[in-house]
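Asks: Sequence and computational prediction follow.
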Amino acid sequence: MTSPVGSELLPNARELFDIPDGIAYFNTASLAPTLRTGLTAGETALHRRAQPWRIQSADWFSTAEERRALFADLIGAAADDIALVPAASYGFAVAAANLTARAGSRVLVLDGEYPSGIYTWWRFAERTGASVLTVPREPGQTWTEAVLDALDDTVAVVSVPRVHWTDGALLDLDRIAETTRSVGAALVVDASQSAGAIPIDMHTLRPDFLVSVGYKWLLGPFGLGYLYVAPAHQQGKPLEENWILRSDSEDFARLVDYRAEYQPGARRFDAGARTAFELTPMAIAALEQLSVWSVPRIAVTLAATTARIASAARERGLPVPAPRGPHMLGITVPAVIQQRVVAALEQANVFVGARGPAIRISPHLHTTGADIDQLLTALDAALNRA
């Protein structure tokens, strides 16, 4: 696990979230709690939507563009490189539709990876005659080592995350990206468990596509996600054709003057109904707060939180991954008691996730020292009963 250099810890921000005292929420990696500013923005948006005469033509475009620019700035990309998508599966589908592979080549994925990407590459393999290469991790081996050992010139696509979604185990994407380019393969990154929590250097990484949902570490509402599309792919084929993506669509009076040209950059890959009047202000509020905090400071602050939990887990003889991301960790318990432990934690108002072999712990800036104590006390009690 590494922490950003030169970053200072952020103060605890529990007051910015609607989390009552006594609730220890450690499941941001599943569904982030909504910021109070997001709740206010959403309520205001609902009232405005209830009076549609207040919505002007420009509003169909302006807030979507604001959201696009905020996310682009967060990952160090240009706004023109970002498409607005509803889900990771949509982003993967765009990537798969705009990549090719020769028959007999392979798509490299991690063992136990999130299903949406896996299912997409299954279908891609059926279409192209490629196969899916599932890379396991041997005992004592890092995910980076496992990927690099398997990555050769038979691989056409490398589809990997920054951290494994089940336990936060870290991948060195810069090394993987360099080797991927050297063998002529395309790189697709699932940043759903890292965007907003780990700094991303897009100038070094240079993926072909990068996708993220918005409701985890980006603290936004469900249904609003993001897709980075490298300039080399921005003239590609979108999954759908909708009116707002075409050139001059801002002129409502001339929408029936049908246009072959698209809006510039990656906007052709936006999903229909991207405007999302009711939800977009919530996403903007969240992205603005993340920008105020800054991702490097979020990462180093969460690293301090997870380091304390990881140390306590190791003292109890419970394995945690290394290296791992700064923001989450999996605590491995015997499989036969995993569900009982998670249920016992929930009874103690401690909320975690069970993913793969791990109890996944994913705090955020709402997490206090008292929350950590509550987690460890409940974990001890659950393990003793089990």
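Replies: Here it is on my side, so go on. Numbers count the residues shown, from 1 in each chain.
Asks: Show me what the one helix or strand residue 145 maps to is packed up against.
Replies: Assigned by DSSP states H and E, residue 145 belongs to helix 143-150. Helices and strands touching helix 143-150, as assessed by 3 or more C-beta pairs under 8 Å, 6 or more residues apart in numbering; DSSP states H and E, comprise strand 106-110, strand 131-135, strand 155-161, helix 173-182. From N, CA and C alone the C-beta is placed, and that goes for glycine too.
Asks: got a list of contacts for the longest one?
Replies: Contacts of helix 173-182 with the rest of the structure, by C-beta atoms under 8 Å, 6 or more residues apart in numbering, involve 144, 147-148, 151, 155, 158, 160, 162, 186-187, 189, 201, 204-207.
Asks: rewinding a little: could you tell me which residues within the helix holding residue 145 count as buried?
Replies: Buried residues in helix 143-150, counted by 16 or more other C-beta atoms under 10 Å: 143-144, 146-148, 150.
Asks: Let me know the closest of the residues you listed to residue 379.
Replies: residue 143 (25.7 Å; C-beta to C-beta).
Asks: Surely the closest one touches residue 149?
Replies: No - in this structure, residue 143 is not within contact of residue 149 by C-beta atoms under 8 Å, at 10.7 Å.
Asks: Residue 110 reaches residue 161, doesn't it?
Replies: Yes - using C-beta under 8 Å, residue 110 is in contact with residue 161, at 7.4 Å.
Asks: list residues touching both of these two?
Replies: With C-beta under 8 Å, 6+ apart, residue 110 and residue 161 have no common neighbours.
Asks: picking up where we left off before, take the helices and strands packed on helix 143-150 and write them to TSV, including mean pLDDT and mean neighbour count.
Replies: Below are those laid out as TSV (pLDDT from 0 to 100; neighbours: other C-beta atoms under 10 Å):
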stretch	mean pLDDT	mean neighbour count
strand 106-110	98	25
strand 131-135	98	17
strand 155-161	98	26
helix 173-182	98	18
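Asks: The closest residue to residue 144 other than its chain neighbours: neighbour count?
Replies: If the residues on either side of it in the chain are set aside, residue 144 comes closest to residue 172, at 4.3 Å by C-beta to C-beta, 6 or more residues apart in numbering. By the criterion of other C-beta atoms under 10 Å, residue 172 has 17 neighbours.
Asks: Just confirm residue 288 contacts residue 70, I think it does.
Replies: Yes - between residue 288 and residue 70 a contact is recorded at 6.6 Å, counting by C-beta under 8 Å.
Asks: where does the stretch 251-386 of the chain dip in pLDDT?
Replies: Within the stretch 251-386 of the chain, the stretches with pLDDT under 70 are 386.
Asks: And residue 281, how close does it get to residue 9?
Replies: Residue 281 sits 30 Å away from residue 9, taking C-beta to C-beta, to the nearest Å as the criterion.
Asks: Which residue of the two possesses the greater neighbour count?
Replies: A count of neighbours by other C-beta under 10 Å puts residue 281 above the other of residue 281 and residue 9, at 24 against 12.
Asks: secondary structure class for that one?
Replies: helix (DSSP: H, G, I helix; E, B strand; the rest coil).
Asks: Residue 62 now?
Replies: helix.
Asks: What is the neighbour count of it?
Replies: That count, for residue 62 with other C-beta under 10 Å as the rule, works out to 13.
Asks: Please identify the buried residues of stretch 354-365?
Replies: In stretch 354-365, counting by 16+ other C-beta under 10 Å, buried: 354-355, 357-365.
Asks: and of these, the nearest to residue 331?
Replies: For these, the nearest to residue 331 is residue 359 (4.7 Å; C-beta to C-beta).
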